[in-house]
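Peer 1: next come a sequence and a model predicted from it.
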Amino acid sequence: MQPLSIRIIAIAALVAIVGSTQVGASNLGSYQPKGYLSDYSELEPRGDGSGALLYEDTAVDRSKYNRLMIDRIQIFLKNDAAYQGVDPAELKALVDYFRAAIEQAVAGRYPIVSEPGPDVLRLRIAVVDLVPNRPEASVAALAIPFAGVADAAAGLVKERPGSGLFVGEATVEMEALDSMSGDQVAAFVETRVGKKYDIDLDDGIDGAVKKGVGGYAKAYSSWAYTKQAMDAWAELVRERLDAAHGAAKSP
């Protein structure tokens, strides 16, 4: 039986899905909305090949938002993830990490506040379909077949993130609301999947295996790729705020 905390998370995810009210699927491609956002109907492919979906209300003067109010970040494990043994304390640590990453990204320009206001943008963020790393997995998993390495180098597993060459997965559903009216000003959805091995056959198959094994510990550390994704999403918050204010891209 799953731990009570994990079952509660699954139930909460189901409630969120059932409670979804505005879902426009025609422009979402293969993505299945999880029901966290207040509206999916205006999302469109970001256009950079990442598979991310983005919406920004161009009719709103987004430059008026100079402060941020961040709702408590939510995390939902993927229901069919092979590994579900996650300590609730780890999930809280991820929530804290993500919030801290956002605060650091916007520091010095966009203060974090706790009350709505005419210049306050409210951020709602959920990390959904989270697939945990499993750091205690057997070292024997490193000895991937040579054919597997060749297939990976040929790009045959790029569309199979569930294969043994990948570790960790997370999707973010994020929206910015006018803190006074609750109107959706922007929304963003993206899935990031981490690779266990960095395959490169320039030095031959043996060299590729050694390179993959050498990067194993780092790739398989707890939540390594999830945190990398959170860092990137935090920077995106700053990037879009700067763009709305006509500022140069953050260094």
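Peer 2: Perfect, thanks for sending it.

Peer 1: any idea how far M69 lies from A105?
Peer 2: Going from M69 to A105 by Cβ to Cβ, to the nearest Å gives 16 Å. For every residue, glycine as well, the C-beta is placed using N, CA and C.

Peer 1: A126: helix or strand, and which one exactly?
Peer 2: strand 120-131 (DSSP states H and E).

Peer 1: partners of that strand, with directions?
Peer 2: As defined by DSSP bridges, the strand partners of strand 120-131 come to strand 67-70 (parallel), strand 74-77 (parallel), strand 166-178 (antiparallel).

Peer 1: and G47, which of these is closest to it?
Peer 2: strand 166-178 (17.7 Å; Cβ to Cβ).

Peer 1: and P116, helix, strand or coil?
Peer 2: Per DSSP: H, G, I helix; E, B strand; the rest coil, the secondary structure class of P116 is coil.

Peer 1: hang on, it packs against G182?
Peer 2: No - the pair P116 / G182 is not scored as a contact, 9.3 Å apart, by Cβ atoms under 8 Å.

Peer 1: quick check: neighbours shared by those two?
Peer 2: Counting by Cβ atoms under 8 Å, 6 or more residues apart in numbering, the contacts common to P116 and G182 are R122.

Peer 1: the more surrounded of these two?
Peer 2: P116 (16 against 10; other Cβ atoms under 10 Å).

Peer 1: flag the shaky bits of this protein, pLDDT-wise.
Peer 2: 1-26, 80-85, 133-168, 194-222, 247-251 (pLDDT under 70).

Peer 1: isn't V193 right up against E169?
Peer 2: Yes - when contacts are counted by Cβ under 8 Å, V193 is listed as touching E169 (4.7 Å).

Peer 1: which of those two has more neighbours?
Peer 2: Taking neighbours as other Cβ under 10 Å, V193 and E169 compare with E169 leading, 21 against 17.
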